[in-house]
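S.K.: give me coordinates for this.
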Amino acid sequence: MEGLTPLLIYTVLLVGFVITNIAAAHLVGPRKKTPVKQMPYESGMDPINDARQPYDVKFYLVAILFLVFDVELLFLYPWSVSAFAAAGIPVELRDTVFGIMLVFMFTLAIAYAYAWRKGVFKWR
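M.R.: Model (predicted):
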């Protein structure tokens, strides 16, 4: 129990700080309700019709493409650091790992070309 005392003190202080800030925000914060502030907000567009109207899939495609190419960088950065470091990938595996990365990059290039061909990058 002796080793947990600092952690317990930190937890109590943290919870107290959060509760104090929430209470202060409710007491001191502005309360002016206007029709604009009460209006629902979604995806950067003002709601003008029913919420169940068809939604353009383009926004989802752009988000998915961002995630695909973001994950690509997560794989490429450690590979490049270890491939070019002195004590990185063993010499007998360097060609294999390089080939795997070329296949990975080729797959991403195909995905990029497919998205470009489908017109995902054209903003309407």
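S.K.: drop to CA atoms for contacts and neighbour counts, all remaining ones
M.R.: Noted.
S.K.: neighbours of residue 14, how many?
M.R.: Using other Cα atoms under 10 Å, residue 14 is surrounded by 12 other residues.
S.K.: what mean pLDDT would you report for the helix or strand containing it?
M.R.: Counting by DSSP states H and E, the element that carries residue 14 is helix 5-28. The average pLDDT within helix 5-28 is 94.
S.K.: just the CA trace of that helix, in PDB.
M.R.: Once non-C-alpha atoms are left out, helix 5-28 reads as follows in PDB (Å, rounded to 0.1, in the frame of the first residue of the first chain):
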ATOM      1  CA  THR A   5       0.200   6.400  -2.000                       C
ATOM      2  CA  PRO A   6       1.600   8.800  -4.600                       C
ATOM      3  CA  LEU A   7      -0.700   7.300  -7.200                       C
ATOM      4  CA  LEU A   8      -3.700   7.600  -4.900                       C
ATOM      5  CA  ILE A   9      -2.800  11.300  -4.100                       C
ATOM      6  CA  TYR A  10      -2.400  12.000  -7.800                       C
ATOM      7  CA  THR A  11      -5.800  10.400  -8.700                       C
ATOM      8  CA  VAL A  12      -7.600  12.400  -5.900                       C
ATOM      9  CA  LEU A  13      -6.000  15.600  -7.100                       C
ATOM     10  CA  LEU A  14      -6.800  14.900 -10.700                       C
ATOM     11  CA  VAL A  15     -10.500  14.100 -10.000                       C
ATOM     12  CA  GLY A  16     -10.700  17.200  -7.800                       C
ATOM     13  CA  PHE A  17      -9.300  19.300 -10.600                       C
ATOM     14  CA  VAL A  18     -11.700  17.900 -13.100                       C
ATOM     15  CA  ILE A  19     -14.700  18.400 -10.900                       C
ATOM     16  CA  THR A  20     -13.600  22.000 -10.000                       C
ATOM     17  CA  ASN A  21     -13.200  22.900 -13.700                       C
ATOM     18  CA  ILE A  22     -16.600  21.400 -14.700                       C
ATOM     19  CA  ALA A  23     -18.300  23.300 -11.800                       C
ATOM     20  CA  ALA A  24     -16.500  26.500 -12.700                       C
ATOM     21  CA  ALA A  25     -17.500  26.200 -16.300                       C
ATOM     22  CA  HIS A  26     -21.200  25.800 -15.400                       C
ATOM     23  CA  LEU A  27     -21.100  28.700 -12.900                       C
ATOM     24  CA  VAL A  28     -19.100  31.200 -14.900                       C
END
